[in-house]
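K.L.:
Sharing a model prediction with you, sequence too.
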Amino acid sequence: MTPSPKADSPTVFIVDDETPVRRALSRLLRSAGFAVTAFASPEEFLAQYDPHTPGCLVLDLIMPDFNGLELQRTLDKRGSTLPIIFLTGRGDVPSSVQAMKGGAIDFLTKPVNEKELLPAVRAAIERDRVSRREQTELSEIRARLATLTPREREVLEHVVTGQLNKQIAADLGIAEKTIEVHRGRVMAKMKVQSVAELVRLTGRSGISGSIQ
């Protein structure tokens, strides 16, 4: 195994039980400017992998004891969104279909060349970057929602349907001025300037514009 790079820099993880393959892939990727960490088995990878490290996984399909598809399923169960590029030394169509259904972004046949591998790795790292940015934004939205009181949350759920203050007041059986106060607090806590922005944020968090 090669040393792990900094956790905040994109890393190409290689998991392949063949030493010559690991060395060749590592050389190729490093020559293209990528940080690389290589492992001889899925077990070794799982023992060392930090899910906070961005990047992608170049994964051998056929390995003894613990194959690539099993590692893919294990990562999925752990909630990992690390993009996977599968490598195989044989034209195994059923396995490739299974891998793609499991979320793999590419399936390349050994011996893989740089014209195939490098664009696939760049695409995988970009997908991971976008996914991590979206997850960070979603976590921030949920953190803001968590600061709302039960009444403020109730008002929010009415506001995003497009209801006016007087309509919300009638539905909740409280004064319109009280709704105005709650609405102002909701907008401040959610850090938005408009209802349209509030609708966009709450929609991303799973709050729909309809009252049950």
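P.N.:
It's in.
K.L.:
Name whatever forms a beta bridge with residue 60.
P.N.:
For residue 60, the beta-bridge partners are residue 87 (DSSP bridges).
K.L.:
Distance-wise, check it relative to residue 19.
P.N.:
Between residue 60 and residue 19 the distance is 12 Å, computed by C-beta to C-beta, to the nearest Å. Yep, even glycine has a C-beta here, placed from its N, CA and C like the rest.
K.L.:
Please, where are all the strands along this protein?
P.N.:
11-15, 35-39, 55-60, 84-88, 106-109 (DSSP state E).
K.L.:
Can I get the longest one in CSV? Just the C-alpha atoms.
P.N.:
As requested, C-alpha coordinates have been extracted for strand 55-60 and formatted as CSV (Å, rounded to 0.1, in the frame of the first residue of the first chain):
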residue,chain,number,x,y,z
GLY,A,55,-11.7,11.1,-5.3
CYS,A,56,-12.7,7.9,-7.0
LEU,A,57,-12.1,4.1,-6.9
VAL,A,58,-10.5,2.1,-9.7
LEU,A,59,-11.6,-1.4,-8.8
ASP,A,60,-10.7,-4.8,-10.1
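K.L.:
picking that back up, can you tell me which of the strands of the chain has the worst average pLDDT?
P.N.:
Note on those: lowest mean pLDDT is at strand 106-109, with a mean of 87.
K.L.:
Restricting to C-alpha, output that strand in CSV.
P.N.:
Provided in CSV are the C-alpha atoms of strand 106-109 (Å, rounded to 0.1, in the frame of the first residue of the first chain):
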residue,chain,number,x,y,z
ASP,A,106,-17.5,3.1,-16.1
PHE,A,107,-16.4,-0.5,-16.9
LEU,A,108,-13.1,-0.9,-18.6
THR,A,109,-11.3,-4.0,-20.0
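K.L.:
Against which helices or strands is that strand packed?
P.N.:
strand 84-88, helix 93-101, helix 114-145 (3 or more C-beta pairs under 8 Å, 6 or more residues apart in numbering; DSSP states H and E).
K.L.:
Mind doing that once more with 6 Å?
P.N.:
Applying 3 or more C-beta pairs under 6 Å, 6 or more residues apart in numbering; DSSP states H and E, one finds that strand 106-109 contacts strand 84-88.
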